[in-house]
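>>> Show me how the following folds:
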Amino acid sequence: MKLGTRFQLSFMMFLEFFIWGAWFVTMGTFIFKNLAAGETEVSLAYLTQSIGAVIAPFIVGIIADRYFPAQIILGVIHVAGAILLWFCAGATNFDSFFPLILTYMVLFMPTLALVNSVSFGQMQDSSKDFPVIRGFGTAGWIVAGITIGYLAWEEKGMLPSTFKMAAAASALLGVYSFFLPNTPPAKKGQKISVGEILGLDAIRLLKNKSYLMFFLSSVAICIPLAFYYNFTNPFLNEIGMKAAAGKQALGQASEFIFIMIMPLFFKRLGVKKMLGLAMLSWVLRYVLFAFGNVDANYWMLIGGIVLHGICYDFFFVTGQIYTDQLAGERFKNAAQGMVTLATYGVGMMIGFLISAPIVSAFKTGEGAHNWTSIWLIPAGIALVVMLLFLLLFREKSEAKQA
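Just a heads-up that it's a prediction; the model follows:
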C-alpha cells in the first residue's frame, strides 16, 4: 500500500472513533447533569446504539453494496451527523435530545462498516495492513477522552462542548471522505435478500451445539457490557474521580495493547480459555468497581478500567476469529453479520433496558446511588454466563468440524 493511501485511511479511522469517543463516554453524565433526567433516560439514549446496529446492515447492505461508492455515503452521513451533533449540544431537555441522538445513531452505526469497506478496498494483505490502521481508531478514542479530561469539561459542567467538538470532527471527516480512494459498490446490479443482509444465511451454524453455546453466551455477556457503557462515567463522576473521561481512555489504551499481543495468547490458550478469561475479566471488573473508591481503593477503579482490553479483545475479537474459522469461506461474512446483530443489537438492547431499573432501585438520594450493590449485579450475570460456557462449550470437537 502506498504511504499516502496508508495516511489517508489512518486519519479517516482516527476521526471516525474520535467522533464517537468525544460524546459517547460522557453522555450519561450529560443526561444526568445537563438535561436533569434520570436512569431510564440514560438507558434509552444508549439504546439508540442497538437500534442503529439493527438498522445498519440495511443501509450498508442495500445502499453501499449496490448503488453508491462507500466513501461518498460516508461523507454524506458525517456531514449530516455534524448538524445533528451540534443541535444535541443545544438540547435543554431529554424530549428534545432523544430524537436527535436516535437519528444520529441510526446514521452513525453504518459508518463503522463503511470505514472498514474503504480500508479493505485498498489492501492486498488485510491481515498485515488493517490492524495498524484500525489502531489509529483506538488512538482517536483515547485522544478524545484525554481532551475532555484535560479541559475538565465534566467538573466545569461544560459537557455540551463534547457534542460541539464531535460535530466539528464529523464535519471535517464528512468533507475529507469525498477525497478518499474510490470504493465502488461491491454488488452493483446484484439481487440481495433480507436474510443475506442480516447474516441469516449462516443460521445453520447454530445446529452445532458448542457454537450455539458460544452464540448465546455472546448475547448474554452483552447484558453486563451495557451496564459499563451506560453508567461507568456517571458512577466515576458521582464518587468524585477527577477527569473521569480521561481516565476511561486507559481502557482503550489497554485495548490497543492487548489486540497487538493477542496472537501470542491465542496460540497458547485456544478459543475456550480465551473466551473464559474474557468473561472472568468482566466479573473481576465489576467487583473492582463495586468496592473501589477515590481514596484507598482508587487502584480498584483504575484496574477495572484497564481490564477493558481483556474484556473486549479476548471475547469479541476471539469470537470473530472463531466464527470465521468455523463458518468457512462461503458463510463467514454472513456469520459475522449474524453475530454482530445478535450482540450489539439484541444483547446490548436487553442490557440497556434492564440496567436503568436496577440502577434506579438502588438510588439513595438525589444524585446518589448504592454503587456496590449495583455493580455486583452485572458481576453476577457475567459469572453465571462464564460458568455455563465453560461447562457446555467443547473446543476440541469444534476444531475438528471447522
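>>> Can you show me the strands along the stretch 251-400 of the chain?
Ranges of strands in the stretch 251-400 of the chain, per DSSP state E, counting those that start in this stretch, are 363-365, 368-369.
>>> Please produce a markdown table containing these, extended by mean pLDDT.
Formatted as a markdown table, the strands of the stretch 251-400 of the chain follow (pLDDT from 0 to 100):
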| stretch | mean pLDDT |
| --- | --- |
| strand 363-365 | 86 |
| strand 368-369 | 90 |
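>>> ok, and the closest non-adjacent residue to the spatially most central residue of the chain?
Centroid-nearest residue in the chain, with C-alpha atoms, centre = their mean: Tyr344, separated by 7.7 Å. Excluding the flanking residues, the one nearest Tyr344 by C-beta to C-beta, 6 or more residues apart in numbering is Ala53, at 4.0 Å. (Glycine included, C-beta is placed from N, CA and C.)
>>> quick one on the thing from earlier: identify the residues contacting the residue nearest to the centre of the chain.
Gln49, Ser50, Ala53, Cys222 (C-beta atoms under 8 Å, 6 or more residues apart in numbering).
>>> from those residues, which ones fall inside helices?
Taking DSSP state H, the ones among these that sit in helices are Gln49, Ser50, Ala53, Cys222.
>>> circling back: most neighbours per residue, which of the strands of the stretch 251-400 of the chain?
strand 368-369 (a mean of 16; mean count of other C-beta atoms under 10 Å).
>>> quick check: domain ranges of this structure?
Domain assignment for the chain, taken from automatic domain parsing, gives 1-179, 201-402.
>>> Save those domains as TSV, and put in distance to Pro185 too.
Formatted as TSV, those follow (distance: least, C-beta to C-beta, whole Å):
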stretch	distance to Pro185
domain 1-179	5
domain 201-402	15
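>>> if we can go back for a sec, tell me which of the strands of the stretch 251-400 of the chain lies nearest to Ala335.
Nearest of the strands of the stretch 251-400 of the chain to Ala335, taken as C-beta to C-beta: strand 368-369 at 39.6 Å.
>>> Show me what that closest one packs onto, helices and strands only.
Here strand 368-369 touches helix 209-238, going by 3 or more C-beta pairs under 8 Å, 6 or more residues apart in numbering; DSSP states H and E.
>>> So which residues of the stretch 101-250 of the chain form strands?
Going by DSSP E, counting those that start in this stretch, the stretch 101-250 of the chain shows no strands.
>>> Helices of the stretch 251-400 of the chain, residue ranges please.
Applying DSSP state H, counting those that start in this stretch to the stretch 251-400 of the chain gives helices spanning 298-306, 308-312, 318-340, 348-361, 371-392, 395-401.
>>> Most tightly packed of those?
Of these, helix 308-312 is the most buried (mean count of other C-beta under 10 Å), at a mean of 23.
>>> who touches that helix?
Residues contacting helix 308-312 (C-beta under 8 Å, 6+ apart): 225, 250-259, 277-278, 281-282, 285.
>>> Return the closest of the residues you listed with respect to Lys33.
Comparing the contacts of helix 308-312 against Lys33 with C-beta to C-beta picks out Gly251 as the nearest, at 22.0 Å.
>>> pLDDT score for the closest one?
Listed pLDDT for Gly251 reads 90.
>>> Please apply the same query to Ile321.
Value listed for Ile321 in the pLDDT field: 75.
>>> For it, which non-adjacent residue is spatially closest?
When the adjacent residues along the chain are set aside, Ile321 lies closest to Phe266, with 7.2 Å between them (C-beta to C-beta, 6+ apart).
>>> Neighbours of the one you found, how many?
The local packing of Phe266 (other C-beta atoms under 10 Å) involves 17 other residues.
>>> That one and Gln320 touch, don't they?
No. Using C-beta atoms under 8 Å, Phe266 is not in contact with Gln320; the gap is 11.6 Å.
>>> follow-up on the earlier one: now the residue nearest to Ile321: how far from Ala152?
Applying C-beta to C-beta, to the nearest Å, the value for Phe266 to Ala152 is 40 Å.
>>> hang on, the earlier thing: who touches the residue nearest to Ile321 in this structure?
Met274, Thr318, Ile321.
>>> Relative to Tyr298, how far out is it?
For Phe266 relative to Tyr298 (C-beta to C-beta), the value is 33 Å.
>>> what about Phe163, distance to Asn237?
17 Å.
>>> Of the two, which one has the most company?
Phe163 (27 against 22).
>>> Not counting its neighbours along the chain, what's nearest that one?
Nearest to Phe163 is Ala89, by C-beta to C-beta, 6+ apart, at 3.7 Å.
>>> Verify the contact between that neighbour and Pro160 for me.
Yes. Using C-beta under 8 Å, Ala89 is in contact with Pro160, at 4.2 Å.
>>> anything in contact with each of those two?
Residues touching both Ala89 and Pro160 by C-beta under 8 Å, 6+ apart: none at all.
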